[in-house]
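Engineer: Sequence and predicted structure below; questions after.
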Amino acid sequence: MLKTKTCKKMAAVLFCAVCVSSIGLARRPVEYSYNFGAIPISCSIYAEQAGLAGIHGNDSMGKVISVLGQPGYRSSGSTPVYTYDGVSIKFIDWGGDGRYTVCKIETNQKGTASTVDGISVGMPESVLSEVYGTADEVKIEKNMAPKLPEKEMQVYRQRVDEMVTVYTYNVSAANSMSFTVKKGIITRIVVNVYD
């Protein structure tokens, strides 16, 4: 009898854990907002998801150092940049009061950093739909040299991997996460925060 009660309790706890974890993994219902040009946009990820290497937009310099340690390279100026083993973090002082916060996080090196949801450079583009759903914006970039004759244009296109697709997932009008894809593989991840 004691074993039956224990099994029932364990089953109840397991059931609750599965239910709670599935709620945590749920995708954000698409919301609509307006960008700075008053054009309607969709917003399909949460702010917590728009991060890279444990850093999010608007994090302070102190938080970046506490999470990642001292940068391998540090630039100065009005928009300082910290570089960590393949991850570049750009800061800006929105208010002019000396409090710099993260405005851009970027990586294009395989295996250096991943998003909160485990997406990293080198993974297939299919994981984007599986994890985040349909992108809020998809842009296909095609490299061209319009002044070249057609024969040279064909050679040029072969050399530059002509098609690049950029999938953008918005948190809000001022925060987004983008994935650049070449030949079906994620080659770059960027988190942007705008004023």
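Structural biologist: On my side now, so go ahead.
Engineer: What are the contacting residues of stretch 72-91?
Structural biologist: 52-53, 55, 61, 64, 68-69, 71, 92-93, 100-109, 111-113 (C-beta atoms under 8 Å, 6 or more residues apart in numbering). From N, CA and C alone the C-beta is placed, and that goes for glycine too.
Engineer: swap the cut-off to 6 Å and go again
Structural biologist: Contacts to stretch 72-91, defined as C-beta atoms under 6 Å, 6 or more residues apart in numbering, come from residues 53, 64, 68, 71, 92, 100, 102-107, 109, 112-113.
Engineer: Buried ones in that stretch, by neighbour count?
Structural biologist: Buried residues in stretch 72-91, counted by 16 or more other C-beta atoms under 10 Å: 80-82, 84, 86-91.
Engineer: Take those and keep only those in strands.
Structural biologist: 81-82, 84, 87-91 (DSSP state E).
Engineer: which element is the closest residue to Lys110 other than its chain neighbours on?
Structural biologist: Nearest non-adjacent residue to Lys110, counting by C-beta to C-beta, 6 or more residues apart in numbering: Gly122, 3.8 Å away. Under the criterion DSSP states H and E, no helix or strand holds Gly122.
Engineer: Gly57 versus Gly122, what's the distance?
Structural biologist: 23 Å (C-beta to C-beta, to the nearest Å).
Engineer: about what we covered before: just the buried members of the contacts of stretch 72-91?
Structural biologist: Using 16+ other C-beta under 10 Å, the buried ones in the contacts of stretch 72-91 are 53, 64, 68, 71, 92, 100, 102-107, 112-113.
Engineer: What I need now is the residues you listed written out in JSON lines, including distance to Ala135, pLDDT and secondary structure for each item.
Structural biologist: Converted to JSON lines, the buried ones among the contacts of stretch 72-91 look like this (distance: C-beta to C-beta, whole Å; pLDDT from 0 to 100; DSSP: H, G, I helix; E, B strand; the rest coil):
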{"residue": "Ala53", "distance to Ala135": "22", "pLDDT": "95", "secondary structure": "coil"}
{"residue": "Val64", "distance to Ala135": "27", "pLDDT": "97", "secondary structure": "helix"}
{"residue": "Leu68", "distance to Ala135": "28", "pLDDT": "96", "secondary structure": "helix"}
{"residue": "Pro71", "distance to Ala135": "31", "pLDDT": "95", "secondary structure": "coil"}
{"residue": "Ile92", "distance to Ala135": "26", "pLDDT": "95", "secondary structure": "strand"}
{"residue": "Tyr100", "distance to Ala135": "30", "pLDDT": "94", "secondary structure": "coil"}
{"residue": "Val102", "distance to Ala135": "22", "pLDDT": "96", "secondary structure": "strand"}
{"residue": "Cys103", "distance to Ala135": "22", "pLDDT": "96", "secondary structure": "strand"}
{"residue": "Lys104", "distance to Ala135": "19", "pLDDT": "97", "secondary structure": "strand"}
{"residue": "Ile105", "distance to Ala135": "18", "pLDDT": "97", "secondary structure": "strand"}
{"residue": "Glu106", "distance to Ala135": "18", "pLDDT": "97", "secondary structure": "strand"}
{"residue": "Thr107", "distance to Ala135": "19", "pLDDT": "96", "secondary structure": "strand"}
{"residue": "Thr112", "distance to Ala135": "23", "pLDDT": "86", "secondary structure": "coil"}
{"residue": "Ala113", "distance to Ala135": "20", "pLDDT": "94", "secondary structure": "coil"}
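Engineer: If anything else comes up later, I'll come back, but that's it for now.
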